[in-house]
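Peer 1: Need a 3D model of the following:
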Amino acid sequence: MRILLVEDDAEVGRFVRKGLQEAGHTVEHAQNGRDGLFMAASEGFDLLVLDRMLPGGVDGVRLVETLRTQGNHTPVLFLSALAGVDERVKGLKAGGDDYLVKPFAFAELLARVEALGRRPAVDAPATRLRVADLELDLLSRTVTRGGRKIDIQPREFRLLEHLMRHAGQVVTRTMLLEKVWDYHFDPQTNVIDVHVSRLRQKLDKGFDKPLIHTVRNAGYMIRGEA
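Peer 2: Below you'll find the model as predicted:
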């Protein structure tokens, strides 16, 4: 594995790095939290081994919390002299996957490292939805069909996103009222039909195959096949 070790104690850092390298791993070493965060966020690692208490204005807990908010789910093993239950819980709740108290036997460290390495990778959340030649980008909030950008309003975007997340399935009017309009009652209006009609015109204009279909007495469905 490619491992990032963030440890400010030079002696501990040399000891851990040497042992992990002898076990066949590639190890990069940062000696403060700021450098560790930069490396973890900008490079690809299979595992992070972090000291809890770090110089540089970013301690281990803050480092992990920052990575998790960025969507980085690289496994983290904390090393710390803070042995109390509350401290261990704090580290794990921040996003750590394991916690090893100093002083430790290297054999135990290696066993924990290898156990984390055996865990299946966590898939990153999808940032794009596709149905046939229609694509919705959740990050840039843009919609394209056949490579051509389609301008839609925020409510239309939410409507299309919900339909695409349930592609091939019937989405009822009640579901759309709750998920797109945040209504938990029927306002007895044709607001959904109007928005679907507008969205359909924008998506299908200039294309042979319609994507949004009305399912009589049920709701709507988006699908790529006719």
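Peer 1: pretty sure residue 66 is in contact with residue 37, am I right?
Peer 2: Yes - if you go by CB atoms under 8 Å, residue 66 and residue 37 touch, sitting 6.1 Å apart. Heads up, the C-betas are built off the backbone N, CA and C, glycines and all.
Peer 1: Between those two, point out the one with more neighbours.
Peer 2: residue 37 (22 against 17; other CB atoms under 10 Å).
Peer 1: how close does that one sit to residue 196?
Peer 2: 45 Å (CB to CB, to the nearest Å).
Peer 1: Kindly report the same for residue 223.
Peer 2: Using CB to CB, one obtains 14 Å as the distance from residue 223 to residue 196.
Peer 1: Between the two, tell me which one has more neighbours.
Peer 2: Shown here are residue 223 and residue 196; by other CB under 10 Å, residue 196 has more neighbours (21 against 16).
Peer 1: Could you pull out the strands in this structure for me?
Peer 2: Using DSSP state E, the strands found in the chain span residues 2-6, 26-30, 47-51, 76-80, 98-101, 128-131, 134-137, 142-145, 148-150, 171-172, 212-215, 219-222.
Peer 1: name the helices or strands packed onto the fourth one?
Peer 2: It stands for strand 76-80. Under the contact criterion of 3 or more CB pairs under 8 Å, 6 or more residues apart in numbering; DSSP states H and E, strand 76-80 touches strand 47-51, helix 60-69, helix 85-93, strand 98-101, helix 106-117.
Peer 1: Just name the most buried of those.
Peer 2: For the helices and strands packed on strand 76-80, the largest average neighbour count (mean count of other CB atoms under 10 Å) is found in strand 47-51, namely a mean of 26.
Peer 1: Pick the most deeply packed of the strands of the chain.
Peer 2: The stretch of these with the highest mean neighbour count (mean count of other CB under 10 Å) is strand 47-51, at a mean of 26.
Peer 1: Can you say which of the helices and strands packed on strand 76-80 is nearest to residue 26?
Peer 2: Nearest to residue 26 among the helices and strands packed on strand 76-80 is strand 47-51 (10.7 Å), distances taken as CB to CB.
Peer 1: what's the spacing between residue 148 and residue 70?
Peer 2: If you measure residue 148 against residue 70 using CB to CB, the figure is 32 Å.
Peer 1: Sorry, wrong one. I was asking about residue 195.
Peer 2: Residue 195 sits at a distance of 34 Å from residue 70 (criterion: CB to CB).
Peer 1: what's the neighbour count on residue 155?
Peer 2: By other CB under 10 Å, 14 other residues sit near residue 155.
Peer 1: Grab the nearest non-local neighbour of it.
Peer 2: Leaving out its chain neighbours, the residue that sits closest to residue 155 by CB to CB, 6 or more residues apart in numbering is residue 195, at 6.4 Å.
Peer 1: wait, which of the helices and strands packed on strand 76-80 is closest to residue 179?
Peer 2: helix 60-69 (24.9 Å).
Peer 1: That'll do, ta.
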